[in-house]
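Trainee: Pasting the sequence and the predicted model now:
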Amino acid sequence: MEEELKDDAKAKLIYLFTFQFARLENQRALGFETAIAFWDLLLVGRFKYLELWKKFLTEHHGKAITKDTWNLFWDFITTSSPDFADHDTDGAWPVLIDSFVEYYNENKDSMARE
C-alpha cells in the first residue's frame, strides 16, 4: 500500500474510500479519533501542517468529521499554496477548513520561531 500512496491518483482513491471503510455502520460522520488515526496513516509526508491541523481540531473542534469535510480536505491539501495565501474563504470549502486557515494565519509567526 505504501507504493500506491506515492501515486497521487491512487492515493486520492484510497483516501476517499477510507471514509466509507472507517466509519461505524449507520453513522454519517467519521469519529474524531478515527479520523485523526487515518490522517496519520494517509497524510504523513503529504501535508506539511498535519500536526497543526490535528492540534487545531483537538483545540477547536473535537467532534466527528463529516464526509464533506473529509473529502474536501484532500482537495485543500493538494491544491492550496504552501502558505494558504490563495485560500478563498468565500469558496466552497467547509467552515472547518476556513477556520483552520484562519488559525494558521494567527499562529504562523510563532511557528516560524520554533
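Mentor: Now that the structure is in, tell me what you want to look at. Numbers count the residues shown, from 1 in each chain.

Trainee: and stretch 86-95, how far apart are its ends?
Mentor: 16 Å (CA to CA, to the nearest Å).

Trainee: so where is this structure shaky, pLDDT-wise?
Mentor: Along the chain, the parts satisfying pLDDT under 70 run over 1, 112-114.

Trainee: Show the residue spans covered by the strands in it.
Mentor: If DSSP state E is used as the criterion, the strands of the chain fall at 29-30, 65-66.

Trainee: Make JSON lines from these and add distance to Tyr49 and mean neighbour count to it.
Mentor: C-betas here are computed from N, CA, C, even on glycine. Converted to JSON lines, the strands of the chain look like this (distance: least, CB to CB, whole Å; neighbours: other CB atoms under 10 Å):
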{"stretch": "strand 29-30", "distance to Tyr49": "20", "mean neighbour count": "20"}
{"stretch": "strand 65-66", "distance to Tyr49": "17", "mean neighbour count": "20"}
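
Trainee: Might one say that Ala35 is in contact with Ile65?
Mentor: Yes - contact criterion CB atoms under 8 Å: Ala35 and Ile65 qualify, at 4.2 Å.

Trainee: hang on, the earlier thing: as a markdown table, the strands of the chain with distance to Leu41 would be great.
Mentor: Output for the strands of the chain, formatted as a markdown table (distance: least, CB to CB, whole Å):
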| stretch | distance to Leu41 |
| --- | --- |
| strand 29-30 | 13 |
| strand 65-66 | 15 |
